[in-house]
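J.: Based on what follows, work out the 3D shape:
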Amino acid sequence: MSRLRKVLRKAFTPITIMLIPHSNSRPLSLKVPSIGVVLSVALWLIGSSYVVSMAVNTIEYRGMKEKLNYYSGQFVELNATMDALKKTETEFRRLFSLGSREKVLESVPTTDRGSIDMEALRGQIRDTMERVKEIKEYLNKQKDIYLATPRGWPVEGRITSPYGKRGTPYTGGATSIQA
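T.: The predicted structure follows:
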């Protein structure tokens, strides 16, 4: 019980804080219990950390907002392309439903109303697919080479006889090949 009283007495022991102005006016003296100073510092630290975390969240939010705007723009662009393709498809279906070649050719509009050159688009798609196929083949060949290439010595130890021509172990001279 006496320990608790000592702790409470120290916690509520007043600390004097003096504010002394540069002018000739009287200094201001504040008496604050020591627990009040500790609580003030703790609250200041909590508040500062909260403000910093809010600033970090705001920065992350702005980055996400920029990404969202970019992807939204990409989506709108792709959506417009899809709409144009659907309109072209509808026009082709209407033309081909006419039945005869003469009716189709008579019904083809003479003005280009933002239509898409389908042959050029098909050619670009074919070229892109061909390039992707070549890249895949190249990567497969490189992977095969990588997997087939030794990565070190077959065994540890001393090399007693290198590859190539060797001397005879008896005389040290060149060996002759006999058939």
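J.: all contacts plus neighbour counts: C-alpha atoms, from now on.
T.: Fine.
J.: the strands in this structure, which residues?
T.: Secondary structure of the chain (DSSP state E): strands located at 14-19, 28-33.
J.: Output the ones you listed in JSON lines, with distance to residue 174, mean pLDDT and mean neighbour count appended to each entry.
T.: Formatted as JSON lines, those follow (distance: least, C-alpha to C-alpha, whole Å; pLDDT from 0 to 100; neighbours: other C-alpha atoms under 10 Å):
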{"stretch": "strand 14-19", "distance to residue 174": "102", "mean pLDDT": "89", "mean neighbour count": "12"}
{"stretch": "strand 28-33", "distance to residue 174": "102", "mean pLDDT": "90", "mean neighbour count": "12"}
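J.: got those as TSV, with distance to residue 160 columns?
T.: Shown next, in TSV, are the strands of the chain (distance: least, C-alpha to C-alpha, whole Å):
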stretch	distance to residue 160
strand 14-19	87
strand 28-33	87
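J.: Indicate which one of these is closest to residue 44.
T.: Residue 44 lies closest to strand 28-33 among these, at 16.4 Å (C-alpha to C-alpha).
J.: Who are the packing partners of that closest one?
T.: Contact partners of strand 28-33 among helices and strands, from 3 or more C-alpha pairs under 8 Å, 6 or more residues apart in numbering; DSSP states H and E: strand 14-19.
J.: Extract the C-alpha trace of the strand it packs on and format it as CSV.
T.: The C-alpha trace of strand 14-19 is given here as CSV (Å, rounded to 0.1, in the frame of the first residue of the first chain):
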residue,chain,number,x,y,z
PRO,A,14,3.7,19.3,-9.6
ILE,A,15,6.3,20.4,-12.2
THR,A,16,6.6,24.1,-12.7
ILE,A,17,6.8,25.3,-16.3
MET,A,18,7.8,29.0,-16.7
LEU,A,19,7.3,31.1,-19.8
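J.: Quick check: neighbours of that strand in the sheet, parallel or antiparallel?
T.: strand 28-33 (antiparallel) (DSSP bridges).
J.: Run through who's touching the strand it pairs with.
T.: 11-20 (C-alpha atoms under 8 Å, 6 or more residues apart in numbering).
J.: Now do it: distance to the chain's middle.
T.: Distance, stretch centre to chain centre, for strand 28-33: 55 Å (C-alpha atoms, centre = their mean, to the nearest Å).
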